[in-house]
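**Q** 3D, please:
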Amino acid sequence: QCLYAREEDLEPLRAAGLILRRGVQFHWLNRGYRDFADFLDTLTAERRKKIRREQRAVAEAGLRIEVRHGDTLDAELWAAVHSHYRDTFLRHGNHPAFSAAFFQRVGRALGPRMVVLIARQGDRPAASAICYRNATTLFGRHWGTAVACPGLHFELCYYRGIEYAIAEGLQRFEPGAGGEHKLMRGFEPVSTWSAFWIADGRMRALLARHLAREDGAVLDYQAELARHLPYKAGR
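**A** Numbers count the residues shown, from 1 in each chain. Now for the predicted structure:
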């Protein structure tokens, strides 16, 4: 299987006999925004108001956000960030596969290609989100928090990522799979692709017919989502 295949890979994969499957994720696309306020100005008044309310709740809780790169965190700070990551997995009954030592090693190796957003309450690291980047795209993210604060998840995982992408001149922000709630925060439905080699010819033909029918439904779903984007008309 080939997951998250690039557009330029699709024809070679198809020619090699793999069957393709379309999925949908929500990505933020940078259309030359000057700053976060410029991005907000492209949204409807209702959405701007709600986003600012969420950001205000974080500020009023005494939380301040800082952006760090992977090679600037010491062992103590990585331990705190890892505790946020670990607790999120445990809270949902999942296994936190990565250790604090792993993140520390990867942070040293990747340096500015690992982006860590940290919410501090006083001097205490209260929440964090771990992202990765290349020259064009910010990818997210592991997230966790030790405090209950309305709007903190959206501020740390979405709005500050958008702000970072604009400041760095990145073209897009891919915050991870799932989450139709991202739509109302400016993330647009885009196609993603996976490809599969099925050795048994009869099974491959059966699955190919199913995926052809599924593709029409996925395209309809994507088009319906796009009709509910929060941008002003004619932007």
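**Q** low-confidence stretches in this protein?
**A** Along the chain, the model assigns pLDDT under 70 to residues 234-235.
**Q** where do the helices sit along it?
**A** Secondary structure of the chain (DSSP state H): helices located at 10-15, 36-40, 45-60, 75-91, 100-110, 152-154, 160-168, 201-226.
**Q** my guess is Leu20 meets Ala195, correct?
**A** Yes: if you go by Cβ atoms under 8 Å, Leu20 and Ala195 touch, sitting 5.2 Å apart. Glycine gets a C-beta too; all of them are placed from N, C-alpha and C.
**Q** list residues touching both of these two?
**A** Common neighbours of Leu20 and Ala195 (criterion: Cβ atoms under 8 Å, 6 or more residues apart in numbering): 5, 10, 13-14.
**Q** picking that back up, closest one to Asp123 among the helices of the chain?
**A** When the helices of the chain are compared by Cβ to Cβ, helix 75-91 sits nearest Asp123, at 10.8 Å.
**Q** tilt between that closest one and helix 100-110?
**A** Here helix 75-91 points in a direction 120 degrees away from that of helix 100-110 (axes from the mean of the first three to the mean of the last three Cα atoms, to 10 degrees).
**Q** can you give me the neighbour number for the closest residue to Leu152 other than its chain neighbours?
**A** The spatially closest residue to Leu152, leaving aside those adjacent along the chain, is Val58, at 5.4 Å (Cβ to Cβ, 6 or more residues apart in numbering). By the criterion of other Cβ atoms under 10 Å, Val58 has 23 neighbours.
**Q** contacting residues for Val58?
**A** 65, 119, 149, 151-152, 155.
**Q** which ones among those are found in strands?
**A** Cross-referencing the contacts of Val58 against strands under DSSP state E gives 65, 119.
**Q** quick check, nearest of the contacts of Val58 to Leu211?
**A** The shortest approach to Leu211 among the contacts of Val58 belongs to Glu155, at 38.0 Å (Cβ to Cβ).
**Q** distance of the closest one relative to Val190?
**A** Glu155 sits 23 Å away from Val190, going by Cβ to Cβ, to the nearest Å.
**Q** of the two, who's got more company?
**A** The neighbour comparison of Glu155 against Val190 (other Cβ under 10 Å) goes to Glu155, with 26 against 15.
**Q** contact partners for the more buried one?
**A** By Cβ under 8 Å, 6+ apart, the residues touching Glu155 are 54-55, 58, 65, 119.
**Q** return the residues in contact with the residue nearest to the spatial centre of the chain.
**A** Closest residue to the average C-alpha location of the chain: Pro175 at 0.4 Å, with Cα atoms, centre = their mean. Pro175 sits next to 26-28, 139-141, 157-158, 161, 182, 187 when contact means Cβ under 8 Å, 6+ apart.
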